[in-house]
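Peer 1: dropping the sequence and predicted coords here.
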Amino acid sequence: MADSARDIWQRYCGFLDLDISQYMARQRSLLEEQLPRLAGCELGKVIMKGRAPRTVNEFRRVVPFTTYADYVPYFSKRRDDVLPEKPVVWAHTSGRSGEIELKWIPFPRKVYDMIGDLAFSCFILAAARAKGNVALTRKMRIPYFVAPAPYVTGITIQCMQDQVGFTVMPEVKKAEKMEFRERIQEAFRASLADGVDFFFGIPSVLLQISERFSKMGRGERSPSPMKLSPKAIMRIMKGVLKSRLMGRPLLPRDLWKVRGIVCGGTDTGIFANKVTDSWGTRPLEGYMSTEFVVGAVQSWARNGLVFYPDLLFWEFITEKDYRMFMSDPSYIPPSCLMDEVQPNTEYVVAGTSFHGGALVRYIIGDLLKVVSLEDMKAGIRLPHFSFLTRIDGLIDVGGFTRLTEKIIWEAIENSGVPYEEWTIRKEYQGEKPVLHLYMELRDGLEDASDIANSIHTSLKKLDKNYLEMEELAGLKPLNVSIVSKGTFQRYYEERQAAGADLGHLKPPHMNASDTMISNLLRMSSWRI
């Protein structure tokens, strides 16, 4: 950290100073450097059907979009010999249960190094209170609350420690040998003893920690007691005293002064206010995936996601054209570049790897919305996006509206129902489509019809089309079934015992299969 704050900001966050023409010049230049590498390798020849485009326009005209199925013959065997450049590491993410259990993605050296740079950029922005503010020093402490390598979260932690020297608790090599529960407990114990500067993970973990402290402050025994050091006990005692003087439950902000929080996932926006209230710091949202790594990030102003220009070439496909592509893979849908997107428009994003990466016009299936073409107040002259959902996770309701996971989750939160976990899908009662929400409550029993009414009311407030569905057609499609306490945990433990991958241990929130729902209900001690 010997460089000046100005130099550090320019290196890691300078992309936010680009205007759209400068941004596109960088995108075009990097793609044209990548095209000969693709044309010269076996994978590139297959994906591009023997063509060797030289310009961006030619590339977009003749090269098809791809999904993971196009790479399975090569990536499933982790074949280095067919790639544009030999990777230094392979990352994996979960595929689909019963189909592709693990999706492997190769990272060449330049991409691997950039993962650390992009992550560092996120932490700078998470701690920044204004443009140019760099509030980081070496040896800052981060608890290891994420999935280990070869998951991309673990690889990101590795990169940051290698390049920046952050203190990870527990130490990376030790953490990667631990079971999940053991790793979380050790990170928690070290954080109580030595403090926390940054958090990297998902909001639900932060809120679980908040709930744990709240119970501790009320004198309840922790469900997972652990031996604490004198420093940790002293930290908790000071925190309890502070919370009691404030007349409220014990919160993480009573124990730690966290400089920045970086979160990814659908629930980041939903839980941002809760995390801020509990931790005293508003989380910075990143658009993260194994394939695109850190694709986009909020600025210090937190007004939307801005895509990084230097890791992938970005294209955006309207939902209508994407659905045509899904029904006919030979169809090459038109796309927009970053300087062509329109405000208040939803797009499926596609990315082509730079720097010897292997993905070509690759579609994960993520649906994003352009919330603005610039942030004039912050002086950022680039489009800002919000993440909506995986497009295959949409639930169409009677042709009136398509509900996203984010909207449903927000409606559940706004209803005030004290839930533990949930999953929802469209089912049919005779010929009538219904939204069937399976929910485990946190405490006690509540009437399922009352819960359905509360969430239905929340959905009407959040989604105009859902409101019109009831007003115009008299439809009220939401049904709620309550499973017994501990059902989702029992499901998790059975899947874990069966050797399921980390990403398949719980039913998805949206569109769980018949088998998943059947197994979930089997875990409930109540007959639904």
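Peer 2: Looks like it came in fine. Residues are numbered from 1 along each chain as shown.
Peer 1: next, Ile270: secondary structure please.
Peer 2: Under DSSP: H, G, I helix; E, B strand; the rest coil, the three-state class of Ile270 is helix.
Peer 1: just checking, it touches Lys406?
Peer 2: Yes - the criterion here is C-beta atoms under 8 Å, and Ile270 meets it with Lys406 at 6.5 Å. To be clear about C-beta, it is placed using only N, CA and C from the backbone, and glycine gets the same treatment.
Peer 1: same for the lowest-mean-pLDDT helix or strand in the chain, what does it pack against?
Peer 2: Least confident element among the helices and strands of the chain, by mean pLDDT, DSSP states H and E: helix 203-217 (a mean of 76). Packing partners of helix 203-217 (3 or more C-beta pairs under 8 Å, 6 or more residues apart in numbering; DSSP states H and E): helix 230-246, strand 260-264, helix 268-279.
Peer 1: who's in contact with that helix?
Peer 2: 145, 188, 199, 222, 236, 239-240, 243-244, 249-252, 254-255, 261, 263, 265, 267-268, 270-272, 274-275, 278-279, 283 (C-beta atoms under 8 Å, 6 or more residues apart in numbering).
Peer 1: which of the residues you listed count as buried?
Peer 2: 145, 188, 199, 236, 239-240, 243, 249-252, 254-255, 261, 263, 265, 267-268, 270-272, 274-275, 278-279, 283 (16 or more other C-beta atoms under 10 Å).
Peer 1: before we move on, back to that, turn the helices and strands packed on helix 203-217 into TSV, including mean pLDDT and distance to Arg28.
Peer 2: Formatted as TSV, the helices and strands packed on helix 203-217 follow (pLDDT from 0 to 100; distance: least, C-beta to C-beta, whole Å):
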stretch	mean pLDDT	distance to Arg28
helix 230-246	92	52
strand 260-264	93	28
helix 268-279	89	31
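Peer 1: looking at those, which is closest to Cys41?
Peer 2: Evaluated with C-beta to C-beta, the helices and strands packed on helix 203-217 place strand 260-264 nearest to Cys41, the distance being 30.6 Å.
Peer 1: the closest one vs helix 203-217, what angle?
Peer 2: 130 degrees (axes from the mean of the first three to the mean of the last three C-alpha atoms, to 10 degrees).
Peer 1: so what strands line up beside strand 260-264?
Peer 2: strand 198-201 (parallel), strand 284-289 (parallel) (DSSP bridges).
Peer 1: check the average confidence over the shortest one, would you?
Peer 2: If I follow you right, that is strand 198-201. Strand 198-201 carries an average pLDDT of 90.
Peer 1: ok, stretch 502-509 next?
Peer 2: On average, stretch 502-509 scores 82.
Peer 1: again, but for stretch 296-312
Peer 2: 97.
Peer 1: quick one: buried residues of that stretch?
Peer 2: 296-301, 303-309, 311-312.
Peer 1: go through the residues you listed and flag which are in strands.
Peer 2: Ala296, Val297, Gln298, Leu305, Val306, Phe307, Leu312 (DSSP state E).
Peer 1: next, the buried residues of stretch 163-182.
Peer 2: Val164, Phe166, Val168, Met169, Pro170, Val172, Ala175, Glu176, Met178.
Peer 1: what's the answer for stretch 515-528, then?
Peer 2: Neighbour count says stretch 515-528 has Met516, Ile517, Asn519, Leu520, Leu521, Met523, Ser524 buried, by 16+ other C-beta under 10 Å.
Peer 1: and the fourth one, that's in a strand?
Peer 2: No - assignment of Leu520 by three-state DSSP gives helix, placing it outside any strand.
Peer 1: ok, it to Arg425 distance?
Peer 2: Distance, Leu520 to Arg425, by C-beta to C-beta, to the nearest Å: 11 Å.
Peer 1: spit out the residues that contact those two alike.
Peer 2: With C-beta under 8 Å, 6+ apart, Leu520 and Arg425 have common neighbours Ala512.
Peer 1: so, low pLDDT: which residues of the stretch 51-200 of the chain?
Peer 2: The model of the stretch 51-200 of the chain has pLDDT under 70 over residues 94-101, 138.
Peer 1: now do the strands in it.
Peer 2: Along the stretch 51-200 of the chain, counting by DSSP state E, counting those that start in this stretch, strands occupy 87-94, 102-108, 141-143, 167-169, 198-201.
Peer 1: need these in JSON lines with distance to Asp81, can you?
Peer 2: What follows is these, written out as JSON lines (distance: least, C-beta to C-beta, whole Å):
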{"stretch": "strand 87-94", "distance to Asp81": "11"}
{"stretch": "strand 102-108", "distance to Asp81": "12"}
{"stretch": "strand 141-143", "distance to Asp81": "36"}
{"stretch": "strand 167-169", "distance to Asp81": "34"}
{"stretch": "strand 198-201", "distance to Asp81": "34"}
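Peer 1: contact partners of stretch 118-125?
Peer 2: Under C-beta under 8 Å, 6+ apart, the answer for stretch 118-125 is 8-9, 12-13, 134, 136, 156, 159-160, 163-164, 198, 200, 260, 262, 284, 286, 293-294, 297-300, 308, 311.
Peer 1: please apply the same query to stretch 174-186.
Peer 2: Contacts for stretch 174-186 (C-beta under 8 Å, 6+ apart): 144-145, 147-149, 154, 168-170, 187, 224, 226, 502.
Peer 1: now the strands paired with strand 260-264 in JSON lines, with distance to Ala512?
Peer 2: Shown next, in JSON lines, are the strands paired with strand 260-264 (distance: least, C-beta to C-beta, whole Å):
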{"stretch": "strand 198-201", "distance to Ala512": "24"}
{"stretch": "strand 284-289", "distance to Ala512": "21"}
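Peer 1: what's the closest of the ones you listed to Tyr347?
Peer 2: When these are compared (using C-beta to C-beta), the closest one is strand 284-289, at 12.7 Å.
Peer 1: quick one: the closest one to helix 268-279, angle?
Peer 2: 140 degrees.
Peer 1: which stretch of helix or strand covers Leu388?
Peer 2: strand 384-390 (DSSP states H and E).
Peer 1: now that strand: average pLDDT?
Peer 2: pLDDT averaged over strand 384-390 gives 90.
Peer 1: for that strand, name the packing helices and strands.
Peer 2: strand 284-289, strand 305-307, strand 362-372, helix 405-415.
Peer 1: Gly44: which of the ones you listed is closest?
Peer 2: strand 362-372 (12.9 Å).
Peer 1: could you dump the closest one to PDB, C-alpha only?
Peer 2: The C-alpha coordinates for strand 362-372 follow below in PDB (Å, rounded to 0.1, in the frame of the first residue of the first chain):
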ATOM      1  CA  TYR A 362     -21.800 -17.000 -23.100                       C
ATOM      2  CA  ILE A 363     -25.200 -16.700 -21.600                       C
ATOM      3  CA  ILE A 364     -25.700 -17.700 -18.000                       C
ATOM      4  CA  GLY A 365     -29.400 -16.700 -18.100                       C
ATOM      5  CA  ASP A 366     -29.300 -13.700 -15.800                       C
ATOM      6  CA  LEU A 367     -31.900 -11.000 -16.300                       C
ATOM      7  CA  LEU A 368     -30.900  -7.400 -15.500                       C
ATOM      8  CA  LYS A 369     -32.600  -4.000 -15.800                       C
ATOM      9  CA  VAL A 370     -31.100  -0.700 -16.900                       C
ATOM     10  CA  VAL A 371     -32.000   1.700 -14.100                       C
ATOM     11  CA  SER A 372     -30.200   4.700 -15.600                       C
END
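Peer 1: what's it packed up against?
Peer 2: Secondary-structure packing of strand 362-372 (3+ C-beta pairs under 8 Å, 6+ apart): strand 284-289, helix 319-327, strand 346-353, strand 384-390.
Peer 1: angle of that strand against strand 384-390?
Peer 2: Using the same axes, to 10 degrees: strand 362-372 against strand 384-390 is 130 degrees.
Peer 1: residues of strand 362-372 that come out buried?
Peer 2: Buried, per 16+ other C-beta under 10 Å, within strand 362-372: Tyr362, Ile363, Ile364, Gly365, Asp366, Leu367, Leu368, Lys369, Val370, Ser372.
Peer 1: wait, what's in contact with the nearest residue to Met516 once chain neighbours are set aside?
Peer 2: Spatially, and ignoring its direct neighbours in sequence, Met516 is nearest to Pro507 (4.5 Å; C-beta to C-beta, 6 or more residues apart in numbering). Pro507 makes contacts with Thr423, Phe488, Tyr491, Met516, Ile517, Leu520, as judged by C-beta under 8 Å, 6+ apart.
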